[in-house]
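> Below is the structure, and that's it, no one-letter string:
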Ligand SMILES: Cc1cc2nc3c(=O)[nH]c(=O)nc-3n(C[C@H](O)[C@H](O)[C@H](O)COP(=O)(O)OP(=O)(O)OC[C@H]3O[C@@H](n4cnc5c(N)ncnc54)[C@H](O)[C@@H]3O)c2cc1C
């Protein structure tokens, strides 16, 4: 059993622990089409349910006639709100403290809203059944603009009006208007106004961060199976937070929680789309209870784009003040947040605008104020964090645009302006004006490294030449240099201020070491492609000295995994990763006692070394973790229980604050509006790096989704509330063809409070990428007077910018 | 996205196809690669109770090259691209086909389906108008020929009768320089604007030019005037401007998610100018 012939380096390499670019263990099945997704689940007698959806954005429902549908061969039932009402299930709570119709209760509030649920033998019969349900609608005035909604007499939600006709209080306090949801504030209003009023320089801007959608390759779906004999409900689904779903299902259905088993199988991407609870889940559960058969519901692509979980839709108005030298003195931000027909944002409950108050960004801004007004409109509900921690992408976009606008106002280089205002290394932990305490950072080092890597001065010189050539008629292409320095806030979060529906946002890990020295660890999170089975095994390998290849990671089954709040907001590594390390340390503590017993020395006389405990000062005397594991199960050790297991529930003391410096170089064809990304450099600092290859993959993916959002991806509505971008022909999902080559780089500033110093990285490239692409477009036109043009920067909008700046030959 | 129920047929010869068409009339439709028709059926925008798959009907595919070039209707877009002799004889076809959809779709999508579909977004119709192609259709009364330039009446309305099947496309081997220029939002997208250009040169000036535009009207637009504006010129800036102006008088784009009319007209002009420049450089 002794493998003492290996050198220490060999033993470290053998573990494939932290820092190793271990190949993803998941990929063998994914690349062979052997994954097991929810739509792969087939049960005996399984039925299929699907929705009749509203063609109108706002209408009263006069009647629903399902008699013809019931004649369609294979159709077994048609559920409407009237069927759910006696169960109290025609409405359901949202994660944001609001409630949402499960099936249309007298009216519809957005196009595509769920009106009736057709249950049939298969999805083909269900589709025919849907066609045959006759719904009589009476159209109502449509509100698609949140500003118009806030002044309109039209009442979208009757429950927002009190008996005396005034706006009723909402979940987060008083309403300003019946279509208003909440006001949320952070920072100091009066002092901020004063600083700005007295400032030497003030830049103001208004920007729209458009509505878009996470659009994972796999859409949302579930299979509900109620076993009437033992009273157990099993629910398989595309859930980013399976335990939270179990609790919510128990609370709204009245089924005791131990009788509910929620399973998230392989998930084909989530990006925030699969955090919330959807009518499809509720209807499937009800239909399974009613029919006694398993019921499957799977969204098609249009359902997914039109109804579940939009993201963004923030109208942001900013004022930023500075001295003449460019030192920022104050920041004011007002947001009008369009939430659609129901407030179904997936944010920690006390944060109706998420962590938008990270909008002071990477800068030392002494005084700031943020106010967010949430508004109802006739659009789909959602407001999820699409590949970002709660509203962090909106916050970073806001500040990174404001910096650019201030640079224009000051006639200053935007890179230099950032440099002047970065929070300095020695200021950490840094208390920001809007409330957060940044744990760590070294922004100047990262920034200087990035500027050097791209030869920033050389790029500016090239750009100046290009502008001269353009003016001289020698070229029709402009060059933009996009800059971004982002700071994220991820890893929600400390139970003292982060909860979802009262559930603290801790996370968990449970480890069982097997006698032969292999292990299984279960976590409260759930991978949707992030590679948890690979990276969490690496954390454990380094912590407990068993090879990562001998450690199975399992997630997603609430009957076996410890309670956790799931995977989104880059919280898996900061929270469950910490729990994993802590549970590993408990294993190690017990192993130390076993080793000491086996080596016949005192506990304190042995120390951990890679994969073994050695007697201090006598390295030839040791017990490997493999030997210790076996001893735990075969020896009667006085004072020590048999077995080697541990569980840890980790409540993080703070969030983590990953950051990065990005540069995009873009050429823009002024005549056609076509952008060409020549270069993209991304430096990420996510603290300790567990698996560099997986980090690089996450950065590539996040940047690609950033490119999508910045350059074309949107959920657009016409004035009647019709979705104009309901298919992948019009909803921009980039392919390898549209994606540039990315250069990745890093610095390492470990989190001081995280057990292994890791910060989370899956969302950084998206958060940093969107403003970087957008700033490049803006920068290309800066010399011609552009200050702000709204995303997405698709061909026609770029063309429009050029046109409005008079850059087209009108002759 | 589930189509209404339909009956599926897979006849082995044209007589079988025509018989089913005769029996079911409007309720029957042929399918080639299915990459326009099936999406429409799944969206329930097309209801086809009787679907006739042409895959096993013999004699509908293949490319023959002589003074005239003939292409069977069931030839896939991928086969067009792969055929080196065709790329020699009529290089504009490969250049255009490479800008249609994506490789997966091109393995299924056919030339005949692209031409018979009648969707203004399809790239082949404008291309065939530029080449002055002739379409051969067969119906209950036998075969007849139709000129590509007269074939398109309105969106999804063509000179082909419902009970006729397109069997082949032929055109004279093109002369001179060519270009197919297309602006799109991403791979797999239909054109924001596209231009097909063939130009012949003699003694340094333009002997003749043929120009057709795609997705800028409810049909492809063969702009005779644009071609005429180049003929006899040295294809200098003012000639190109005149051709663009003539083309702009012939197109009639509508606003969609690609952008408003003013943008499309501007891009159409830019795309055509670039196509002319490239074709002229190859003439
Ligand atoms: C994502 C996507 C992107 C695309 N992008 C482009 C693009 O950029 N440019 C482009 O041009 N096309 C594009 N297409 C369309 C594609 O090229 C289609 O394959 C083509 O338009 C139709 O060819 P098909 O063989 O698939 O025809 P089908 O879909 O089988 O048929 C289309 C229509 O033509 C009729 N038809 C077919 N064959 C015959 C025949 N022999 N005689 C009579 N009628 C017939 C059918 O009845 C049907 O009405 C795209 C398609 C997709 C799905």
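In hand now; what should we look at? Predicted model only: the values in this text are computed from it and were never measured. Numbers count the residues shown, from 1 in each chain, chains lettered A, B, ... in the order given.

> what does the stretch 151-283 of chain B have sitting close to the ligand?
Neighbours of the ligand within the stretch 151-283 of chain B, by CB under 6 Å from any ligand atom: B:165, B:166, B:188, B:190. No exception for glycine: its C-beta is placed from N, CA and C like everyone else's.

> So for those residues, which is the shakiest by pLDDT?
Lowest pLDDT within those is found at residue B:188 (92).

> among the residues of the stretch 151-283 of chain B next to the ligand, which two are most distant?
By the measure CB to CB, B:165 and B:188 form the most distant pair in those, at 27.6 Å.

> So for the two, which residue has more residues nearby?
Remark: of residue B:165 and residue B:188, residue B:165 carries more neighbours, 23 against 17, as counted by other CB atoms under 10 Å in any protein chain shown.

> beta partners for the more buried one?
Using DSSP bridges, the bridge partners assigned to residue B:165 are residue B:138.

> Verify the stated contact: it with residue B:15.
No - here residue B:165 does not reach residue B:15: they are 11.1 Å apart, not a contact under CB atoms under 8 Å.

> biggest helix in chain B, by residue count?
Assignment by DSSP state H gives helix B:261-282 as the longest helix of chain B.

> Off-centre distance for that one?
18 Å (CA atoms, centre = their mean, to the nearest Å).

> pLDDT weak spots in chain A?
A:1-5, A:810-811 (pLDDT under 70).

> ok and the residue in it nearest chain B?
residue A:796 (2.9 Å; CB to the nearest CB).

> That residue - that's part of a helix, no?
Yes - assessed by DSSP: H, G, I helix; E, B strand; the rest coil, residue A:796 belongs to a helix.

> How about it, nearest residue that isn't a chain neighbour?
In space, residue A:796 comes closest to residue B:259 once its chain neighbours are excluded; the distance is 2.9 Å by CB to CB, 6 or more residues apart in numbering or on different chains.

> so how many other residues sit close to that neighbour?
For residue B:259, using other CB under 10 Å, the count is 22.

> and if you look at the one 5 residues further on?
Neighbouring residues of residue B:264 were enumerated by other CB under 10 Å; the total is 24.

> Pull up the residues of the stretch 151-283 of chain B that are close to chain A.
With the criterion set to CB under 8 Å from any CB of the partner chain, the stretch 151-283 of chain B comes near chain A through B:183, B:185-190, B:192, B:257-260, B:262-263, B:266-267, B:270-271.

> Just the buried residues of those residues.
Among those, those buried by neighbour count (16 or more other CB atoms under 10 Å in any protein chain shown) are B:183, B:185-186, B:188-190, B:192, B:257-259, B:263, B:266-267, B:270-271.

> Of those residues, just say which sits nearest to chain A.
Each of these was checked against chain A using CB to the nearest CB; the closest is residue B:259, at 2.9 Å.

> List the contacts of the closest one.
Counting by CB atoms under 8 Å, 6 or more residues apart in numbering or on different chains, residue B:259 touches A:794, A:795, A:796, A:799, B:192, B:267.

> do the same with residue A:92
A:99, A:100, A:102, A:252, A:277, A:279, A:282.

> Counting neighbours, which of those residues comes out on top?
For those, counting by other CB under 10 Å, the largest number of neighbours falls to residue A:282: 29 neighbours.

> hang on, residue A:769 packs against residue A:707?
Yes - with contact defined as CB under 8 Å, residue A:769 counts as touching residue A:707 (6.7 Å).

> So which of these two has more stuff around it?
Higher neighbour count among residue A:769 and residue A:707: residue A:769, with 32 against 26, using other CB under 10 Å.

> got a list of what the more buried one touches?
Contacts of residue A:769 by CB under 8 Å, 6+ apart are A:484, A:662, A:682, A:702, A:703, A:705, A:706, A:707, A:710.

> Wait, a helix at residue A:374?
No - if the criterion is three-state DSSP, then residue A:374 is strand and not within a helix.

> If you tally nearby residues, what's the number for it?
26.

> hey, what's it bridged with?
Following DSSP bridges, residue A:374 is listed with bridge partners residue A:182, residue A:337.

> Residue ranges of each domain in the chain, please.
No chain was given, so I picked chain A. Domain assignment for chain A, taken from automatic domain parsing, gives A:3-35+A:507-650, A:38-140+A:219-267+A:275-307, A:403-491+A:655-804.

> other chain: chain B
B:7-53, B:63-172, B:177-282.

> Brilliant, that's me finished.
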